[in-house]
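Participant: Let's see this in three dimensions:
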Amino acid sequence: MYNAIKKYAESKFASANKGHASCRSLLSKMQQIDVYGNIYPCYLFLEYSNLIPWNNDYLDITRMKYPCCKFCEQQILNICKKKNLDYIV
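Facilitator: Numbers count the residues shown, from 1 in each chain. Next up is the predicted model:
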């Protein structure tokens with residue numbers, strides 16, 4: 001099921017209507033810090049960033065600027081919830 005959701009998230013992100021991310025970092029008021037003290041919104045973002053520092057702009061995240069945010073798109077989260085699945089990441 002996770003692979004099917006991942007495929008859907010990737011196709012949605014590639015479309016003209018990327019949707020809106022419901023960022024867990026923003027909602028939970030938690031962030032990820034790497035071993036160098038750089039701050040990222042989450043571990044997935046850290047992995048995708050290739051250690052490039054984040055600009056601390058949650059608006060870029062909610063507007064789906066970053067490919068890793070496709071897993072926090074609202075429809076994707078709704079599908080996971082409906083299927084009784086944990087967070088896809």
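Participant: where does the residue nearest to Gln31 when sequence neighbours are not counted fall, phi/psi-wise?
Facilitator: Leaving aside its chain neighbours, Gln31 sits nearest to Ile39 (5.2 Å; criterion: C-beta to C-beta, 6 or more residues apart in numbering). C-beta: built from backbone N, CA, C; applies to glycine. Ile39 has phi and psi values of phi -100, psi 140 when expressed as degrees, to the nearest 10.
Participant: In contact with Ile39: list those residues for me.
Facilitator: By C-beta atoms under 8 Å, 6 or more residues apart in numbering, the residues touching Ile39 are Gln31, Gln32, Ile33, Trp54, Asn56.
Participant: State the pLDDT value of the last one.
Facilitator: What that stands for is Asn56. Predicted confidence (pLDDT) for Asn56: 95.
Participant: and what of the third one?
Facilitator: pLDDT for Ile33: 94.
Participant: burial count for it?
Facilitator: Counted by other C-beta atoms under 10 Å, the residues lying close to Ile33 total 10.
Participant: cool, the second one as well?
Facilitator: Counted by other C-beta under 10 Å, the residues lying close to Gln32 total 16.
Participant: Nearest residue to it in space, ignoring adjacent ones along the chain?
Facilitator: Tyr40 (4.5 Å).
Participant: Against Ala14, how distant is Tyr48?
Facilitator: Going from Tyr48 to Ala14 by C-beta to C-beta, to the nearest Å gives 16 Å.
Participant: More neighbours: the two, which one.
Facilitator: Tyr48 (14 against 10).
Participant: in a strand, that's where that one is, yeah?
Facilitator: No - Tyr48 is assigned helix when assessed by DSSP: H, G, I helix; E, B strand; the rest coil, not a strand.
Participant: Alpha carbons of stretch 55-75, in PDB - could you do that?
Facilitator: What follows is stretch 55-75, C-alpha atoms only, in PDB (Å, rounded to 0.1, in the frame of the first residue of the first chain):
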ATOM      1  CA  ASN A  55      16.100  28.800   4.500                       C
ATOM      2  CA  ASN A  56      13.600  28.400   7.400                       C
ATOM      3  CA  ASP A  57      10.700  29.300   5.300                       C
ATOM      4  CA  TYR A  58       7.700  27.100   6.000                       C
ATOM      5  CA  LEU A  59       5.700  28.900   3.200                       C
ATOM      6  CA  ASP A  60       8.000  27.200   0.700                       C
ATOM      7  CA  ILE A  61       7.200  23.900   2.300                       C
ATOM      8  CA  THR A  62       3.400  24.400   2.400                       C
ATOM      9  CA  ARG A  63       3.500  25.500  -1.200                       C
ATOM     10  CA  MET A  64       5.300  22.300  -2.100                       C
ATOM     11  CA  LYS A  65       8.500  23.800  -3.400                       C
ATOM     12  CA  TYR A  66      10.500  20.800  -2.300                       C
ATOM     13  CA  PRO A  67      10.000  17.200  -3.700                       C
ATOM     14  CA  CYS A  68      10.300  15.600  -0.300                       C
ATOM     15  CA  CYS A  69       7.200  17.500   0.900                       C
ATOM     16  CA  LYS A  70       5.100  15.400  -1.500                       C
ATOM     17  CA  PHE A  71       4.600  12.900   1.400                       C
ATOM     18  CA  CYS A  72       3.000  15.600   3.600                       C
ATOM     19  CA  GLU A  73       0.600  16.800   0.900                       C
ATOM     20  CA  GLN A  74      -2.900  16.900   2.500                       C
ATOM     21  CA  GLN A  75      -4.500  14.300   0.200                       C
END
